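**Q** make a model of this:
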Amino acid sequence: MLFVSFLAGLIIGGGCCGWWLTQRWQRQVQDAEKALSEIAAQHKTAVEESKAMKQQVADLTWQLNDSRKTVRYLESRYQAPKSDE
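**A** Numbering: from 1, shown residues only. From the prediction side, this is the model:
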């Protein structure tokens, strides 16, 4: 009888320990998934901001080059004629 009680205690204890570990691991997996989701959202935001900044740089570069062309044209157009005197 004592052996049966001991064996039953081991089985119940092992089952409780297994259940507890399973719950703990599931919480850790959920926490890890949540952290990964947050990192993915931050990455997506950073990529979108990067694209917007690259587009802004391209627009400003185009405007700068267009302005340079305009300045060169106006300088060549309105320069005083050179005289050989």
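**Q** pLDDT weak spots in this structure?
**A** 80-85 (pLDDT under 70).
**Q** residue boundaries of the helices in it?
**A** Remark: helices assigned in the chain by DSSP state H are 2-78.
**Q** could you report the neighbour count for E48?
**A** Using other CB atoms under 10 Å, E48 has 10 other residues around it. C-beta here means a position set from N, CA and C on the backbone, and glycine is covered the same way.
**Q** from Q55, how far out is it?
**A** Going from E48 to Q55 by CB to CB, to the nearest Å gives 11 Å.
**Q** list the contacts of N65.
**A** By CB atoms under 8 Å, 6 or more residues apart in numbering, the contact set of N65 is empty.
**Q** how far away is it from K54?
**A** Noted for N65: a distance of 16 Å to K54, by CB to CB.
**Q** likewise K44?
**A** Counting by CB to CB, the gap from K44 to K54 is 16 Å.
**Q** then Y73?
**A** As judged by CB to CB, Y73 and K54 stand 29 Å apart.
**Q** and for D66?
**A** Using CB to CB, we find D66 at a distance of 19 Å from K54.
**Q** got it, and T45?
**A** Relative to K54, and taking CB to CB, T45 is found at 15 Å.
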